[in-house]
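A.B. asks: give the three-dimensional model of this entry:
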Amino acid sequence: MKKAIFLLLVITGSQALSQSLIPFLKNNGKYIFVDSVDMSPVFKDEFDFLPDIFDEDMCLVVHNGKSKLIDRKGKYFLSNFQDISYYKNKLAIVKLNDKWGIADDKGKMVLECKYSNIYRPSVLNVFIIENDIHGTGIADEFGRLIKTSEKEVVSWSGDDFLKSNKGAFYDKNGNLLSNIKFDQSIEVEDYSEGLFLIKQDGWYGFADKFGNVKIQPIYINADTFSNGLAFVSNEQFGGYIDKNGKAIFKKSGLHYKKEGYGFKEGIGKFNDFYINKMGEVIFNSNDIEPPVSEILNFSEGLAAVVQGSYSLDTSVISQYCSFVDIKGKYLFIPQPCFHSYNGYFHPSKSHPFSSQRLYFSFHNGFAILSKKSKVSNSILYFYVDKRGRFFKEN
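C.D. replies: Numbering: from 1, shown residues only. Now for the predicted structure:
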């Protein structure tokens, strides 16, 4: 029999919180900044899209349809640019005369506005520079161009490495990993912890940066290494292997279907349960009522658990979210939410802010959740902290 859930709100007592300013969602769909300690309003202005958490000297906001930087006294900066799509560590991606560049927080140009697009994925320490004429390049974390070969096209596909059409591979800092050309029958799928995930004739294996195959392509499905382990499956079993190819956990019945994912923070995730490195199940969503529709990867010691299914009918609240810790205990009572995919968060196409912040994932103590607007069919985004505080009006 499935267990009913009885949950208590976790209170962290006298744990000190950083003096960050947190965006707070109002019922009118606008955002204000509040103090992270007492949740009191900081500025009188309201903002159009969900900003980043204000944990630096300045923060990127959209005020009255215009992208700007704002400091902790409420003063605006860089409003002379046509658009701003990113700001972190005193560098902003800015648009001028329909071209993109990089400027510092004083407006001084670090990289001239002459590129068709610039973006910085949160999992990388580099900027991706797109140029209609000369292909795609890379700039380091300071905005300095890293030389790539002429007309080389460097691509990022949600992984923590880059690959180019010239056969080169770069790590998340823009350093050349390898320019070894693999056999034409081998496709490079991903890279992590010193090993490439490769595919040959429809089967997955692993190779090092010198092109040596370390684990033969014998698996129907595979994921990259994380915490020293990788999920693999074949016709006999699904489970995790170490970098020597030794199986440390097996489960039958995972044929042809990828139900396992990489280890995150010492926890492995299958479609409906989590395990630790000893193969012990720490949380099984099949024991939960109402039914769990999805469990997500761990981040900062917590993982999102989504119950129910979403509905396009804005009058129906049929989906709820909470978080579990590494012992399988709930952080707070499930709250109404809207979760239609597990991907990267974009408040709008033109204003990605932190540039692909992982949705439903904790980062520096806060996670992004969403709800359906009571007055429209739009989706509104808001933050939650590890104390179970939701930064939104009812």
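A.B. asks: what are the phi and psi values at the closest residue to Ser361 other than its chain neighbours?
C.D. replies: Distance criterion CB to CB, 6 or more residues apart in numbering; nearest residue to Ser361, sequence neighbours excluded, is Ser299 at 4.3 Å. The C-beta positions use only the backbone N, C-alpha and C, and glycine is treated the same way. Phi and psi for Ser299, reported as degrees, to the nearest 10, are phi -150, psi 130.
A.B. asks: which residues touch Ser299?
C.D. replies: By CB atoms under 8 Å, 6 or more residues apart in numbering, Ser299 lies in contact with Lys264, Glu265, Leu358, Ser361, Phe362, His363, Ala367.
A.B. asks: just the buried ones from the residues you listed, in PyMOL syntax?
C.D. replies: Selection of buried members from the contacts of Ser299 for PyMOL, criterion 16 or more other CB atoms under 10 Å:
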select buried, resi 264+358+361+362+367
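A.B. asks: for stretch 200-212, buried residues please.
C.D. replies: Here stretch 200-212 shows Gln200, Tyr204, Gly205, Phe206, Ala207, Lys209 as buried, counting by 16+ other CB under 10 Å.
A.B. asks: span of that stretch from start to end?
C.D. replies: End-to-end distance for stretch 200-212, by CA to CA, to the nearest Å: 14 Å.
A.B. asks: who's in contact with it?
C.D. replies: 169, 177-178, 180-183, 185-187, 189, 194-198, 213-222, 225, 230, 232, 243.
A.B. asks: please redo it, this time with the cut-off set to 7 Å
C.D. replies: For stretch 200-212, the surrounding residues in contact (CB atoms under 7 Å, 6 or more residues apart in numbering) are 177-178, 180, 182, 185-186, 194-198, 213-219, 221-222.
A.B. asks: among those, name the buried ones.
C.D. replies: Buried among the contacts of stretch 200-212 by 16+ other CB under 10 Å: 177-178, 180, 182, 186, 195-198, 213-215, 217, 219, 221-222.
A.B. asks: just the contacts of stretch 200-212: which are in strands?
C.D. replies: With strands defined by DSSP state E, the entries of the contacts of stretch 200-212 inside them are 177-178, 186, 195-198, 213-219, 221-222.
A.B. asks: where is pLDDT lowest across these?
C.D. replies: Lowest pLDDT of those: Ser178, 77.
A.B. asks: who are the neighbours in contact with that one?
C.D. replies: Counting by CB under 7 Å, 6+ apart, Ser178 touches Phe169, Lys209.
A.B. asks: can we see that at 10 Å?
C.D. replies: By CB atoms under 10 Å, 6 or more residues apart in numbering, Ser178 lies in contact with 161, 163, 167-171, 188, 191, 196, 207-211.
A.B. asks: how close does it get to Asp223?
C.D. replies: Relative to Asp223, Ser178 is positioned 20 Å away (CB to CB, to the nearest Å).
A.B. asks: now, which of the buried ones among the contacts of stretch 200-212 sits nearest Arg144?
C.D. replies: Minimum distance to Arg144 across these is 19.4 Å, recorded for Leu177 (CB to CB).
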